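Undergrad: 3D, please:
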Amino acid sequence: MEEAIKKATYTPAQEVLGLKNRGIISTGAYADIVLFDFAKIKMAGDYVNPNVPPDRIEFVLVNGKVVYKNKVYTGEKSGKVLRHNR
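TA: Numbering: from 1, shown residues only. Next comes the predicted model:
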């Protein structure tokens, strides 16, 4: 699980795109976090309805602010367009 998370977060952010303070959880890093129950998460969409959010994603935080809660966008606009440094 740790290796899968690293390949989906740290590797593309820092090693591929050269984005510092992304893809990690530490002091001074941007808090982009998806909180879910691994044992219960499941895909809710299908080929006919691909935009249905997955079940059991509790929260999504972007730059430390909750942007998604209980399958609903909160209206928070804390993100920004990222440009890679390579």
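Undergrad: What is the burial count for I33?
TA: 13 (other C-beta atoms under 10 Å). All C-beta spots, glycine's among them, are computed from the backbone N, C-alpha and C.
Undergrad: can you pull the pLDDT of it?
TA: pLDDT recorded at I33 is 90.
Undergrad: quick one: contacts for the spatially closest residue to it that is not a sequence neighbour?
TA: The spatial neighbour of I33 that comes closest, neighbours along the chain excluded (C-beta to C-beta, 6 or more residues apart in numbering), is L61 at 4.5 Å. By C-beta atoms under 8 Å, 6 or more residues apart in numbering, the residues touching L61 are 31-35, 67.
Undergrad: Nearest to L82 among those?
TA: Closest to L82 out of the contacts of L61 is D32 (10.1 Å), distances taken as C-beta to C-beta.
Undergrad: returning to that earlier point: name the secondary structure element that contains the residue nearest to I33.
TA: For L61, the host element (DSSP states H and E) is strand 57-62.
Undergrad: Buried ones in that strand, by neighbour count?
TA: Applying a neighbour-count criterion of 16 or more other C-beta atoms under 10 Å, one finds 57, 60-62 buried in strand 57-62.
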